[in-house]
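[1] okay, here's the prediction I keep looking at, along with the sequence it came from:
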There are 2 protein chains.
Amino acid sequence: MLLTTSAEENYLKAIFKISEKDPGPVLTNALATAMGTSAASATDMLKRLSEKQLVAYEKYRGVTLTPEGNRLATSLIRKHRLWEVFLVEKLGFAWDEVHDFAEQLEHVQGDNLTDRLDEYLNHPRFDPHGDPIPDAQGRWIRRPQVRLTTLSPGQKGIVTGVDDHTSPFLQYLDELGIALGVAIELLDRTAYDQSSKVRISGKEYTLSEKASQNLFLRLE
Amino acid sequence: MLLTTSAEENYLKAIFKISEKDPGPVLTNALATAMGTSAASATDMLKRLSEKQLVAYEKYRGVTLTPEGNRLATSLIRKHRLWEVFLVEKLGFAWDEVHDFAEQLEHVQGDNLTDRLDEYLNHPRFDPHGDPIPDAQGRWIRRPQVRLTTLSPGQKGIVTGVDDHTSPFLQYLDELGIALGVAIELLDRTAYDQSSKVRISGKEYTLSEKASQNLFLRLE
DNA sequence: AAATATTTTTAGACTTGTCTAAAAATAAAT
DNA sequence: ATTTATTTTTAGACAAGTCTAAAAATATTT
Ligand SMILES: [Mn+2]
Ligand SMILES: [Mn+2]
Ligand SMILES: [Mn+2]
Ligand SMILES: [Mn+2]
C-alpha cells in the first residue's frame, strides 16, 4: 500500500476538480493557480505523483489521474463532504463556516472512520452546499441542474447547489433567504446587465449576473 | 497570535505529560524517548519552542512549559479527549481504537470547533479511558483514584481509568469484562509474583502485577 | 518562416523536521 | 581529583514542499 501526504492529496483533488469542469489533461499553470503555488512547485509535485503512479504526466502536455489517483481524489472529496455534513448537521455550524475545517478533516487517516461517519450521518447523498457525496465504492450521483442564468423568464426552480463556496456569497444568500430547497421563480432578466429579477417565497429581489451564475437549480 | 505546527504541539503535549508524572524540568532524553525521536531532534525542537516563548529551556538543565505553552498543551489534550469521546459515543468505536484518530484530530484548527464539539457531547468530564477533560478555561478535575496494586485484600473499588492505553491491554480488559465503572474486589495478593486475585461481577480472576498496576480505582 | 509571447521546466535556495556521528558538558566512579 | 560513563549539544546531511530567476519548449503573430 502507498501512503500519501496531505499536500499530495490536495494536488490530486485539485487535478480531479479541474478536469471535472474542463475535461482533458490538466495544465501545470491551471494546477498551480488552483493550489495557490508557483508553476515550479506544481511541476515538482507532478513528478512526485507520477513517480507514485497516481497521475499520468507528460512534460508540457499536462496531467491526468490514474485509476488509483482517481480513487484517492474521490475518497478525499467523500471525506471532505461527509465532514461538512457533520459540522452543519451535528455541530450546528453555518454552511459558510465548514469548508476550512473539512479541508483539514479530510486528511485524517485510518480504517473505517469514513464509513462509520457515513453511517452515523445516515448516508447523506449531498453536502451542505448541494454537492454530491460519492459512496464508499466511489460512485457518483448525477442530478440534472442548471444555473439560474440559463432559465427563461417565467420558469421556476428549486435551489440544489452553489458554485461559489465563499462566505461572502453564502452569507449574501442567507440574507436573501436562499438556501438549498428554496423555490425561485425567474420573473425577468434585465437586458442591460443580465441581472435576474426573481421571486422567493413571495418577495421580489434582483440578483446580479455573477450571483445568478453561481446558483444551481432543479427545474420544476 | 502565534501559530504552531502539529510537531510543535506534539512536543508541548509530551513535555506536559512527562512533567505531570514527574514534576520538574523535562530532560532532553526523556522527551526524545517519549517522542520516538533522537535527542538531537528534541534539542532542535526545544530551541524552536523556546524561540516562540512556549517553553523555558536551559541548555543541559531541561525544559518547562511557559504559561502559553501550558495553555496550548492543555488545549491539545482537551481536543484529543473530546474527539475520543466523539469516536466512542457517536461513531461506536471501541476504546482501544480511538487514540490514533484523536492524535490527528487534536490538531484540527479553527474557531469554536472544540467548544461546539464539547457542547454536542454534553460537556463530558472524562474520556473513554477515564482521563479527565479540562474545560474551556483549562481547568482540571481531580479525582481520588488508586492503583489496584495499592489495595489490601478485602477492599473493593470501581474502575475509573487505565494507565496503559494500548490495544492489547484494553482488549484484555474487554475479555475480562473490565470497563470503566465496573466493581472489582481484591480477594488476595499472591506473595510470589504480586498478582491479584479479584472478583468481578461474581467471577474470580487472577491479574498480573503489570495489569494491576495499570488499573485505577475509586475506593468504595 | 521568423520573431515574439506564453507556458513549462530546470536550477538553486530556503524552512521544517528528521537523522547519524562527533564534540562538549555534566554526572558517577574510582 | 582524575578518570570513566552518561547526557546533551553541535555539525552536517537529507526529504518534502515551497520560492524566485533563468532556460527551454510550445504557441501565437506578423
Ligand atoms: Mn486538503
Ligand atoms: Mn461542500
Ligand atoms: Mn498529535
Ligand atoms: Mn484517552
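    In hand now; what should we look at? Numbers count the residues shown, from 1 in each chain, chains lettered A, B, ... in the order given. Ligands and ions are numbered 1, 2, ... in the order given.

[2] around ligand 1, pick out the residues from chain A.
    A:Asn10, A:Glu103 (C-beta under 5 Å from the ion). Heads up, the C-betas are built off the backbone N, CA and C, glycines and all.

[3] confidence score at the residue nearest in space to the middle of chain A?
    Taking C-alpha atoms, centre = their mean, the centroid of chain A lies closest to A:Asp131, which sits 5.7 Å from it. Residue-level confidence at A:Asp131 comes out at 98, pLDDT.

[4] surely it and A:Arg81 touch.
    Yes - at 6.0 Å, A:Asp131 counts as touching A:Arg81 under the criterion of C-beta atoms under 8 Å.

[5] which residue ranges form the helices in chain A?
    A:6-21, A:28-35, A:39-51, A:67-89, A:99-105, A:113-120, A:167-176, A:209-213 (DSSP state H).

[6] need the winner for burial among these.
    Highest mean neighbour count among those (mean count of other C-beta atoms under 10 Å in any protein chain shown): helix A:67-89, with a mean of 21.

[7] can I get the CA coordinates of that helix in CSV?
    Below are the C-alpha coordinates for helix A:67-89, written out as CSV (Å, rounded to 0.1, in the frame of the first residue of the first chain):
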residue,chain,number,x,y,z
PRO,A,67,-7.3,4.9,-11.7
GLU,A,68,-5.6,4.9,-8.3
GLY,A,69,-5.2,8.7,-8.3
ASN,A,70,-8.8,9.0,-9.2
ARG,A,71,-9.8,6.6,-6.4
LEU,A,72,-7.8,8.7,-3.9
ALA,A,73,-9.2,12.0,-5.1
THR,A,74,-12.8,10.6,-4.9
SER,A,75,-12.2,9.3,-1.4
LEU,A,76,-10.8,12.7,-0.3
ILE,A,77,-13.9,14.5,-1.7
ARG,A,78,-16.1,12.0,0.0
LYS,A,79,-14.4,12.6,3.3
HIS,A,80,-14.5,16.3,2.9
ARG,A,81,-18.2,16.4,2.2
LEU,A,82,-19.1,14.0,4.9
TRP,A,83,-17.3,16.1,7.5
GLU,A,84,-19.1,19.2,6.2
VAL,A,85,-22.4,17.4,6.8
PHE,A,86,-21.2,16.5,10.3
LEU,A,87,-20.2,20.1,11.1
VAL,A,88,-23.5,21.5,9.9
GLU,A,89,-25.9,18.8,10.9
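
[8] tell me the residues of chain A that contact DNA strand C?
    Applying C-beta under 7 Å from any atom of the strand, we find that chain A lies next to DNA strand C at A:27-30, A:39-40, A:42-44, A:46-47, A:57, A:59-60, A:62.

[9] try 10 Å this time
    Taking C-beta under 10 Å from any atom of the strand, the part of chain A that reaches DNA strand C is made up of A:25-33, A:38-47, A:50, A:57-63.

[10] so who does A:Arg219 touch?
    Just so we're on the same page, residue A:219 is Leu rather than Arg. Contact partners of A:Leu219, counting by C-beta atoms under 8 Å, 6 or more residues apart in numbering or on different chains, are A:Pro144, A:Val146, A:Leu151, A:Gln155, A:Lys156, A:Gly157.

[11] neighbour-wise, give me the winner out of these.
    A:Gly157 (23 neighbours; other C-beta atoms under 10 Å in any protein chain shown).

[12] and that one, how far is that from A:Glu185?
    Separation of A:Gly157 from A:Glu185 (C-beta to C-beta, to the nearest Å) stands at 8 Å.

[13] how about A:Gln155?
    Distance of A:Gln155 to A:Glu185, given as C-beta to C-beta: 7 Å.

[14] ditto for A:Val146
    A:Val146 is 14 Å from A:Glu185, by C-beta to C-beta.

[15] hmm, A:Lys197 and A:Thr206 touching each other?
    Yes - A:Thr206 lies in contact with A:Lys197 (C-beta under 8 Å); the separation is 5.6 Å.

[16] anything in contact with each of these two?
    A:Thr190.

[17] quick one, phi psi at the residue nearest to the centre of chain A?
    Note on A:Asp131: its backbone torsions stand at phi -80, psi 140 [degrees, to the nearest 10].

[18] now do the one 10 residues further on
    The phi/psi pair for A:Ile141 (degrees, to the nearest 10) reads phi -90, psi 130.

[19] list the contacts of A:Ala42.
    Contacts of A:Ala42 (C-beta under 8 Å, 6+ apart): A:Tyr11, A:Thr28, A:Asn29, A:Leu31, A:Ala32, A:Met35.

[20] same question for A:Ala7.
    A:Ala7 makes contact with A:Met45, according to C-beta under 8 Å, 6+ apart.

[21] tell me where the model's unsure across chain A.
    A:1 (pLDDT under 70).

[22] can you give me the domain boundaries for it?
    Domain assignment for chain A, taken from automatic domain parsing, gives A:6-65, A:76-142, A:146-219.

[23] how far does stretch A:113-129 stretch from start to finish?
    22 Å (C-alpha to C-alpha, to the nearest Å).

[24] please see if it touches ligand 2.
    Yes - contact of stretch A:113-129 with ligand 2 (C-beta under 5 Å from the ion) involves A:Asp127, A:His129.

[25] so what touches that stretch?
    Stretch A:113-129 is contacted by residues A:75, A:78-86, A:88-90, A:95, A:98, A:132-133, A:135-136, A:141, A:161-162, A:165, A:170, A:180, B:90-93, B:101 when judged by C-beta under 8 Å, 6+ apart.

[26] cool, stretch A:76-94 as well?
    Residues external to stretch A:76-94 that are found in contact with it (C-beta under 8 Å, 6+ apart): A:9, A:12-13, A:16, A:95, A:97-99, A:101-103, A:105-108, A:114, A:117-118, A:120-121, A:124, A:126-129, A:131-136, A:138, A:170, A:174, B:90, B:112-113, B:116-117, B:120.

[27] beta partners for the residue lying closest to A:Pro153 once chain neighbours are set aside?
    With C-beta to C-beta, 6 or more residues apart in numbering or on different chains as the criterion, A:Pro153 has its nearest non-adjacent residue at 5.0 Å, and that residue is A:Asp188. With DSSP bridges as the criterion, A:Asp188 is bridged to A:Lys197.
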